[in-house]
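[1] how would this look folded up:
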Amino acid sequence: QTPDDLQIRYDLALQYHQESQHRPALEHLLHILRKDRNFAEGEARKTFNAILTALGKGDSLAIEFQRKLFTLLY
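    Numbering: from 1, shown residues only. Okay, the predicted model is just below:
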C-alpha cells in the first residue's frame with residue numbers, strides 16, 4: 001500500500017532474509033539504496049552486504065547483486 005515507505009521495505013527485507021528468501025530481500029534492499037544510500041544510518045547497506053557474505057562469493061545470486069550494487073555506487 002505504501003511502496004515508497006523505505007522503513008516498511010526494510011522491515012520486509014529483513015523478514016524475507018529470515019525466511020531464507022534472499023532474492024526478494026536483496027531486491028527490496030537495493031530499491032532502498034537507490035532511494036537513500038545511507039538509509040537508517042547505513043543499516044540497509046550493512047544488511048545487503050551481510051546477505052551477500054552469507055551466500056558466499058561463488059553464489060550466482062550474490063554475484064548478480066554485487067554487480068548491481070557496484071553499478072549503483074560507482
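[2] residue boundaries of the strands in the protein?
    Under the criterion DSSP state E, the chain carries no strands.
[3] okay, which residue is most central for it?
    In the chain, the residue lying closest to the centroid (C-alpha atoms, centre = their mean) is residue 29, at 2.8 Å.
[4] skip the chain neighbours and tell me the closest residue to it.
    Nearest non-adjacent residue to residue 29, counting by C-beta to C-beta, 6 or more residues apart in numbering: residue 48, 4.4 Å away. From N, CA and C alone the C-beta is placed, and that goes for glycine too.
[5] same question, residue 36
    residue 6 (6.2 Å).
[6] check residue 52 too.
    The shortest distance from residue 52 to any residue other than its chain neighbours is 4.8 Å, reached at residue 62 (C-beta to C-beta, 6+ apart).
[7] show the pLDDT at the one you found.
    pLDDT recorded at residue 62 is 97.
[8] that one against residue 56, yeah?
    Yes - counting by C-beta atoms under 8 Å, residue 62 touches residue 56, with 6.3 Å between them.
[9] higher neighbour count, the two?
    More crowded of residue 62 and residue 56, by other C-beta atoms under 10 Å: residue 62, with 18 against 10.
[10] the more buried one: what's it in contact with?
    Residue 62 makes contact with 52, 55, 56, according to C-beta atoms under 8 Å, 6 or more residues apart in numbering.
[11] measure residue 25 to residue 15 for me?
    Residue 25 sits 8 Å away from residue 15, going by C-beta to C-beta, to the nearest Å.
[12] comparing these two, which residue is more hemmed in?
    A direct count of neighbours by other C-beta under 10 Å for residue 25 and residue 15 places residue 25 higher, at 22 against 13.
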